[in-house]
Every structure is written in structure tokens, then in C-alpha cells.
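[1] got a sequence here, can you build the structure:
(one chain, ligands or ions: 1)
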Amino acid sequence: MNRSSKPLIDVCISPALYPQFSPQDSIVVVIDILRATSSICVAFANGASSLVPVATIEDSMAYKTKGFLIGAERQGAMLDGFDFGNSPFSYMDARIKNSNIALTTTNGTKALNIAKNAHTVVVGSFLNIDVLSQWLVKQNRNVICLCAGWKNSMNLEDTLFAGALVDALQNDFDFSDFRDSAIAAQQLYSLAKNDLYGYLDNSSHRKRLERLHIEDDIHYCLQLNKAPVVPVLRGHTLYAL
Ligand code: 3SL
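    So this is what the prediction gives:
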């Protein structure tokens, strides 16, 4: 970014589109509302020391011998042999305080890994929206919201959060430019904001999670400011700012 110009905000609605972006001088906010980035915020709000987002089940398992707590989700479910799956409630466990965690999920940890080439990578969710937007305002740097989606498809809940963040930043942040995807996300959020849960009624991810009977997780992840921390990626590891 030219330092004399105003920052801009952009939204990448699917990891498949991320190669089109130039994140080297930007802050990338990685978003996986259901449920990876929501659960990561909960882990740090409950005192986790660090969390390594890893790509594979084997990578996560390998951290067990290093004294880490390990988490793994595939098809929405926790896997045998792991301490946690991907429910935000499991990251409220007493073991979380001062722990080091390795986590692999279908889309969220993958998005965190592909964002590594950015200037800065942070984790976004409705659970940390105010503290995150206040921190972003202070950085005065271009922002890219990277929606994890589902296996490279766009999904509603991640784009809605990107729209909520655009909305929050618009009030305080002296943006020169909102890219079309940011405008679209913000308009989607304005349609949904009075009833996020109802708006997502027909969404593919809510339907996918229905068989797991985790409606409480979905309700939890759509609340504002329940986990007011900003997880930031340093090297391969997330820490709370
Ligand atoms: O894909 C992911 O990273 C998960 O958040 C998906 S799920 O909510 O556990 O189904």
C-alpha cells in the first residue's frame, strides 16, 4: 500500500480465488464462522497459550508427543484419539488454560495456512468482531477478508461475517475504496443482520451440520463479542495479541 493513500478493504469469498489477491502488504482476516475460527477465538479467550493450525490429521496427531492438546474435525465430527473436535464449547474445557493446541479442520485451518504469505494474518469471528475491528482501525493497512467457505465453494456465513466487518470498519476506518466483493458482502449482511440464524436456515453448512445435532454450536458462533481476543499468526503458530 502506498503509505500516503487510504487503505482499502476487500473480500475473498473462497480460498480458490485467493491467488488473485496481493496480500503481501495486507492484513488477512481468516474467517470460518462454522466453526473453526469461532472455536479458535474461544480457545484463546479461555487462556490457550498457542494454537498451531495444521493441514492434516497426521500433522495434528504428531503434536501429541510434544505435549500439545490435539484437535481434529472431518465431516463436522471429532475424530477418535483426539482431545477435541471443532465445537466452541469443547474449547471452554479447563484443560485449555495455558495449553498449546494443534488443530486440523476441513476448511478453516487450511485457509489459515494458505494466508501465510500475507503481511499479517489474524482470526475473525462474530465472537471477536469489536476487538478485531478496533485493532484493524489502528493498523491503517489494507484488509483482505479471506472466507474459508466449504471445499473452495463460497458459503453464506463467512461472507456474512465479512460484510459485518466491512460494516464495522466503515464507521471508523478511513477507507478510500471498497471492492465490489466487500460491497456485496456488506449488502448481504444488511439483509441478514437482524436474524443471522434465520437467514442461514437454508444454508448448506447448517444443513450439513444438522445430522450432528449441534444447533447450540451454531447459535453460539453467531453471537457478538463472546470471545474478545485477536489471534494473530506468527510463523506457523497463532497467539493472542
Ligand atoms: O471446515 C472447517 O474448518 C470446520 O469449521 C467445519 S465444521 O464446522 O466443523 O463442520
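[2] from here on, just use CA atoms for contacts and neighbour counts.
    Fine.
[3] what number of residues lie near the residue lying closest to Asn107 once chain neighbours are set aside?
    Spatially, and ignoring its direct neighbours in sequence, Asn107 is nearest to Ala148 (5.7 Å; C-alpha to C-alpha, 6 or more residues apart in numbering). Counted with other C-alpha atoms under 10 Å, the neighbours of Ala148 add up to 31.
[4] give me the phi and psi for the spatially most central residue of the chain.
    By C-alpha atoms, centre = their mean, the chain has its centre lying nearest to Ile31, at 2.9 Å. Backbone torsions for Ile31, taken as degrees, to the nearest 10, come to phi -130, psi 120.
[5] got the residues of this protein near the ligand?
    Residues of the chain lying near the ligand by C-alpha under 6 Å from any ligand atom: 32, 34-36, 73, 75-76, 86, 105-109.
[6] kindly list the longest helix within this protein.
    helix 156-172 (DSSP state H).
[7] what does that one rub up against?
    If you take C-alpha atoms under 8 Å, 6 or more residues apart in numbering as the criterion, helix 156-172 is touched by 9, 11, 13, 31-34, 125-126, 129-130, 133, 137, 145, 147-149, 182-190, 192, 200, 203.
[8] quick one, what contacts the residue nearest to the centre of the chain?
    Contacts of Ile31 (C-alpha under 8 Å, 6+ apart): Thr37, Gly108, Val123, Gly124, Ser125, Cys145, Leu146, Cys147, Ala148, Asp158, Phe161, Ala162.
[9] phi and psi next, for the nearest residue to Ala77 once chain neighbours are set aside.
    For Ala77, ignoring the flanking residues on the chain, the nearest one in space by C-alpha to C-alpha, 6+ apart is Gly85 at 6.4 Å. For Gly85, the backbone dihedrals (degrees, to the nearest 10) come out as phi -100, psi -120.
[10] next, Ile27: phi, psi?
    Main-chain dihedrals, Ile27, degrees, to the nearest 10: phi -90, psi 120.
[11] so where is the protein shaky, pLDDT-wise?
    Within the chain, the stretches with pLDDT under 70 are 1-5, 172-177.
[12] strands of the chain, start to end?
    Along the chain, the segments classed as strands by DSSP state E run 8-12, 27-31, 50-53, 69-74, 77-78, 100-104, 120-124, 143-147, 177-178, 231-234, 237-240.
[13] would you turn those strands into JSON lines with distance to Ala43?
    Listed next are the strands of the chain as JSON lines, based on distance: least, C-alpha to C-alpha, whole Å:
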{"stretch": "strand 8-12", "distance to Ala43": "25"}
{"stretch": "strand 27-31", "distance to Ala43": "15"}
{"stretch": "strand 50-53", "distance to Ala43": "8"}
{"stretch": "strand 69-74", "distance to Ala43": "11"}
{"stretch": "strand 77-78", "distance to Ala43": "16"}
{"stretch": "strand 100-104", "distance to Ala43": "9"}
{"stretch": "strand 120-124", "distance to Ala43": "12"}
{"stretch": "strand 143-147", "distance to Ala43": "20"}
{"stretch": "strand 177-178", "distance to Ala43": "32"}
{"stretch": "strand 231-234", "distance to Ala43": "10"}
{"stretch": "strand 237-240", "distance to Ala43": "10"}
